[in-house]
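1. predicted model and sequence below, questions to follow.
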Amino acid sequence: DQQVKQNSPSLSVQEGRISILNCDYTNSMFDYFLWYKKYPAEGPTFLISISSIKDKNEDGRFTVFLNKSAKHLSLHIVPSQPGDSAVYFCAATFSGTYKYIFGTGTRLKVLA
Amino acid sequence: DAGVIQSPRHEVTEMGQEVTLRCKPISGHDYLFWYRQTMMQGLELLVYFNNKAVMDDSGMPKDRFSAKMPNASFSTLKIQPSEPRDSAVYFCASRSWHPRDNSGNTIYFGEGSWLTVV
């Protein structure tokens, strides 16, 4: 039972354009969401997060949007750069537990 | 500051052999997680600890996997006997306890242990 789903295994975007990565979840108890970036042969690193009391959080070129009614979040990268090419994982957790559930990842390729 | 340290980085073993993966969390972190990365499942949570106690091991195959945290700075994940389907990258991660705010909710990953069972 995949509680956090990333339905697009891969995405290619031209340098300078917007990258939009999507994530859906099924458990309405989730109240905190995170995005991680992973380069080959490295561990995932934290990118940005959002609490369920917000619908948007921005950090430089990265913005995460949360739509609770649709149980959907998205990560926007503007403008996309070749160094953004990596696998992106979304993750969810909820109060009362420190159990982080990750999706299957989306491989982003930014073309120069 | 040292991050999460895992060993070995790479392991090739024969089916049926015992495999032990090791992890040193970030100093002061109360929570330790073991994840497995596969193509089909992404990052699967196998087990996590709080203050050395197992909090949830529902993702871990109990017949062949075992996880221990004998002290606050060391954890092991053991597979016995290993099978080819266990081939994956195993990540250890840790985080500190922190009230829910934007700074303390992230978990920090090690570089992973690449396991190949032939």
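-> Structure received. These numbers were taken from a predicted model, which means no experiment stands behind them. Numbers count the residues shown, from 1 in each chain, chains lettered A, B, ... in the order given.
2. only C-alpha atoms for contact and neighbour calcs from this point on.
-> OK.
3. quick one: residues contacting the residue in chain B positioned nearest to chain A.
-> Across chain B, no residue is closer to chain A than B:Gly42, which sits at 3.6 Å (Cα to the nearest Cα). B:Gly42 makes contact with A:102-105, B:36 under the criterion Cα atoms under 8 Å, 6 or more residues apart in numbering or on different chains.
4. which one of these is nearest A:Ile50?
-> Distance to A:Ile50 across the contacts of B:Gly42 (Cα to Cα) is lowest for A:Phe102, with 14.7 Å.
5. kindly state the beta-bridge partners for the closest one.
-> A:Ala91 (DSSP bridges).
6. distance check, A:Ala70 against A:Thr106.
-> Distance from A:Ala70 to A:Thr106, counting by Cα to Cα, to the nearest Å: 20 Å.
7. what about those two, which has more around it?
-> Taking other Cα atoms under 10 Å in any protein chain shown, A:Ala70 and A:Thr106 do not tie; A:Thr106 has more neighbours (22 against 10).
8. what about the residue nearest to that one when sequence neighbours are not counted, how many residues nearby?
-> Distance criterion Cα to Cα, 6 or more residues apart in numbering or on different chains; nearest residue to A:Thr106, sequence neighbours excluded, is A:Pro9 at 4.6 Å. If you count neighbours by other Cα under 10 Å, A:Pro9 ends up with 14.
9. what does A:Pro9 show for phi and psi?
-> Dihedral pair for A:Pro9: phi -70, psi -30, per degrees, to the nearest 10.
10. I figured it hits A:Lys109, correct?
-> No - under the criterion of Cα atoms under 8 Å, A:Pro9 makes no contact with A:Lys109, lying 11.3 Å away.
11. nearest spatial neighbour of A:Lys99, skipping sequence neighbours?
-> Per Cα to Cα, 6+ apart, closest to A:Lys99 is A:Thr93, 5.9 Å.
12. A:Phe30 now?
-> A:Phe94 is the one closest to A:Phe30 (Cα to Cα, 6+ apart), at 4.4 Å.
13. interface residues of chain B facing chain A?
-> Taking Cα under 8 Å from any Cα of the partner chain as the contact definition, chain B meets chain A at B:39-45, B:48, B:91, B:102, B:106-112.
14. chain A: helices as residue ranges?
-> With DSSP state H, there are no helices along chain A.
15. what does it put close to chain B?
-> So chain A meets chain B at A:34, A:41-46, A:49-50, A:99-105 (Cα under 8 Å from any Cα).
16. apply 6 Å and report the result again.
-> A:42-43, A:102-104 (Cα under 6 Å from any Cα of the partner chain).
17. where does chain A have low pLDDT?
-> In the predicted model of chain A, residues A:1 satisfy pLDDT under 70.
18. could you measure the spatially most central residue of chain B against A:Gln3, distance?
-> Note on chain B: the residue nearest the mean C-alpha position is B:Trp34, at 2.5 Å, using Cα atoms, centre = their mean. Note on B:Trp34: its distance to A:Gln3, by Cα to Cα, is 18 Å.
19. give me every residue that touches A:Phe94.
-> Residues in contact with A:Phe94, defined by Cα atoms under 6 Å, 6 or more residues apart in numbering or on different chains, are A:30-32.
20. what is the nearest of the residues you listed to B:Val54?
-> Nearest to B:Val54 among the contacts of A:Phe94, counting by Cα to Cα, is A:Phe30 at 21.3 Å.
21. tally of neighbours for the closest one?
-> A:Phe30: 20 neighbours (other Cα under 10 Å).
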